[in-house]
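K.L.:
Please find the sequence and the predicted model below.
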Amino acid sequence: MTEASHAPTFEAPTPEHLAELFPSYDIEGLVACGGMGAVFRAVQRALDRTVAIKILPKEFGADASFREAFQAEARAMAKLNHPNLIGVYDFGEVEGMPFIIMEYVAGGSLYEASYGRRIDPREVARIVAATCDGLAHAHEHGVLHRDIKPANILLDLQARPKIGDFGLARPIGSHEGEEETVFGTPHYTAPEVLNRPTAVDSRADIFSIGVVLHELLTGQKPADDPRLPSVICGCDIRFDAIVRSATNPMPEMRYANAGIMARELHQLEEALGRATKAVDLRSPTSLHRMPGPSNRAPGPVRRAPTAVARASYAGGKSGSKGLFTTILLLGAVVVIAWLILKTGIKVPQAPPQEPAVPTAEGGASKPAPETPGYGKRAAEQADRPKPRQQQGEESPFGSTTAPKSDP
Ligand SMILES: Nc1ncnc2c1ncn2[C@@H]1O[C@H](COP(=O)(O)OP(=O)(O)O)[C@@H](O)[C@H]1O
Ligand SMILES: [Mg+2]
């Protein structure tokens, strides 16, 4: 909707009044009311579908050029049919007030959802890619939006974006008269909209969605912090190239169309998804950083290094190392035996057998140490297939460091 010279004094009709104006709808309530218009939620009785009715002040209806533009906009929008664009069902005028009836989007605006926050980069890629899909569809059908910003992107209950508020939309190639105010929202408007309004084309919308991309990633508009997004928030550097291309002050340096930008963002969204999963599920190093019991919990991730170890043990290099060690040990035994025989050194008698070091398997039959959590450790160790000497190292008897690592 326009920020035209009309004073922001619009008093929305009451729901009762609106019910009289739209007798085939059940008016459920006011959704939003600004200086430029009001949006109501209603149910279209005949089709049993929820709709949004946007109604504009009489002043707009009285303005002949506005009425013409409004009609052109509604007709252009009626040709659009895309999941990321709010569908238009009807438009007209009641008691001199222009209205538009459209698809109802239940999740509120992206502005409300993201205000002052940094959104997860993968979510940003998804939302902006889908918004670009919607924009590309509008552009292909000859419609420029001209006021892309988070407040004009609504989210459905699955957080899918839908572009709304085509109030400034114009057919591509049409230009305003000299006397008409230049519209748009500061910071989102491309420089050429202000400097060369007659040269404006679909790349002005690309500039605006580039600003939105920057803002969702960083929580700030480029005008507030012009550094690249990855520098501000540490996101993937591939976002930098996309923001830089979309928000280039020269239209010819931007993406040639919104479809290309959409494709790059969809690809980035997928790449980010794969990277996240790989880190979570496959990296044994991330496990090592986890404190306490979860580090020991049996599970598929903990088994991964064992599988790797087995695989490398079966490999040629490890096999030859093992053979070499065996030969070395055998040699040492032969030399020692020869020395004993030659020098007559008496081998000392072995001491009487000590009770076995308590292990997980045998722990229940031995006295438990005074270490808190011993029983838990024993139970955990019972789950772990480990070499015996390693069990000894981790036993509260065999190591003084082991109890410290207990949670
Ligand atoms: N189709 C819709 N479904 C649900 N809510 C809507 C719809 N259209 C607008 N709204 C609500 O009304 C607010 C203002 O709508 P908008 O079309 O942007 O008008 P304006 O910016 O001119 O006030 C939106 O932020 C949203 O909360
Ligand atoms: Mg708006």
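P.N.:
In hand now; what should we look at? Ligands and ions are numbered 1, 2, ... in the order given.

K.L.:
Now the lengthiest strand in the chain: buried residues?
P.N.:
Ranked by residue count and defined by DSSP state E, the top strand of the chain is strand 25-34. By 16 or more other Cβ atoms under 10 Å, the buried positions in strand 25-34 come out as 25, 27, 31. Every residue, glycine included, has its C-beta placed from N, CA and C.

K.L.:
do the host helix or strand of residue 39 and ligand 2 meet?
P.N.:
Element membership of residue 39, judged by DSSP states H and E, is strand 37-44. No. Against ligand 2, strand 37-44 shows no contacts by Cβ under 5 Å from the ion, the least distance being 8.8 Å.

K.L.:
Tell me what angle that strand forms with strand 25-34.
P.N.:
Per axes from the mean of the first three to the mean of the last three Cα atoms, to 10 degrees, the angle that strand 37-44 makes with strand 25-34 is 160 degrees.

K.L.:
ok, is the helix or strand following strand 37-44 in contact with ligand 2 or not?
P.N.:
Using DSSP H and E, the helix or strand that follows strand 37-44 in sequence is strand 49-55. No. Strand 49-55 stays clear of ligand 2 (Cβ under 5 Å from the ion), getting no nearer than 9.6 Å.

K.L.:
cool, stretch 83-90 as well?
P.N.:
No. Legend: contact between stretch 83-90 and ligand 2 by Cβ under 5 Å from the ion is lacking; minimum distance shown is 11.3 Å.

K.L.:
start to end distance for that stretch?
P.N.:
18 Å (Cα to Cα, to the nearest Å).

K.L.:
At which residues are the strands of the protein located?
P.N.:
25-34, 37-44, 49-55, 88-94, 97-103, 143-144, 153-155, 161-163, 170-171.

K.L.:
And for the longest one, what's in contact with it?
P.N.:
For strand 25-34, contacts defined as Cβ atoms under 8 Å, 6 or more residues apart in numbering pick out 1, 8, 10, 12, 15-16, 18-19, 38-45, 50-53.

K.L.:
Am I right that residue 143 is in contact with residue 82?
P.N.:
No. When contacts are counted by Cβ atoms under 8 Å, residue 143 is not listed as touching residue 82 (10.9 Å).

K.L.:
Which one of the two is surrounded by more residues?
P.N.:
residue 143 (24 against 18; other Cβ atoms under 10 Å).

K.L.:
Quick check, pLDDT for the more buried one.
P.N.:
Note on residue 143: pLDDT of 90.

K.L.:
Tell me how far it lies from residue 231.
P.N.:
Remark: distance between residue 143 and residue 231 (Cβ to Cβ, to the nearest Å) = 35 Å.

K.L.:
And for residue 250?
P.N.:
Counting by Cβ to Cβ, the separation of residue 250 from residue 231 is 22 Å.

K.L.:
remind me which residues of this structure are low pLDDT?
P.N.:
Residue ranges of the chain with pLDDT under 70: 1-9, 35, 167-183, 274-407.

K.L.:
where does it come near ligand 1, residue by residue?
P.N.:
Counting by Cβ under 6 Å from any ligand atom, the residues of the chain lying close to ligand 1 are 1, 31-32, 34, 36-37, 39, 52, 54, 86, 102-105, 108-109, 151-152, 154, 164-165, 167.

K.L.:
how about 5 Å then?
P.N.:
1, 31-32, 34, 36, 39, 52, 86, 102, 104-105, 109, 164-165 (Cβ under 5 Å from any ligand atom).

K.L.:
dump the residue contacts of residue 75.
P.N.:
No contacts exist for residue 75 under Cβ under 8 Å, 6+ apart.

K.L.:
And it, how far from ligand 2?
P.N.:
Distance of residue 75 to ligand 2, computed by Cβ to the ion, to the nearest Å: 20 Å.

K.L.:
what's the answer for residue 216, then?
P.N.:
Per Cβ to the ion, residue 216 is found 17 Å from ligand 2.

K.L.:
If you tally nearby residues, what's the number for that residue?
P.N.:
Neighbourhood size, residue 216 [other Cβ under 10 Å]: 23.

K.L.:
wait, what's in contact with the residue in the stretch 251-400 of the chain positioned nearest to ligand 2?
P.N.:
Residue of the stretch 251-400 of the chain nearest ligand 2, by Cβ to the ion: residue 258 (19.5 Å). Residues in contact with residue 258 (Cβ under 8 Å, 6+ apart) are 132, 133, 135, 136, 139, 202, 205, 206, 209.

K.L.:
same deal with residue 196?
P.N.:
With Cβ under 8 Å, 6+ apart as the criterion, no residue contacts residue 196.

K.L.:
cutoff 10 Å now
P.N.:
By Cβ atoms under 10 Å, 6 or more residues apart in numbering, residue 196 lies in contact with 190, 251.

K.L.:
Can you pull the phi/psi pair for it?
P.N.:
Main-chain torsions, residue 196, degrees, to the nearest 10: phi -140, psi 70.

K.L.:
how close does it sit to residue 82?
P.N.:
Plainly put, residue 196 is 29 Å away from residue 82 if you go by Cβ to Cβ.

K.L.:
how about the residues of the protein near ligand 2?
P.N.:
Proximity of the chain to ligand 2, by Cβ under 5 Å from the ion, involves residues 152, 165.

K.L.:
Distance of the one residue in the chain that gets nearest to ligand 2 relative to residue 227?
P.N.:
Nearest residue of the chain to ligand 2: residue 165, at 3.7 Å (Cβ to the ion). Using Cβ to Cβ, we find residue 165 at a distance of 30 Å from residue 227.

K.L.:
the more surrounded of those two?
P.N.:
Using other Cβ under 10 Å, the more surrounded residue of residue 165 and residue 227 is residue 165, with 22 against 13.
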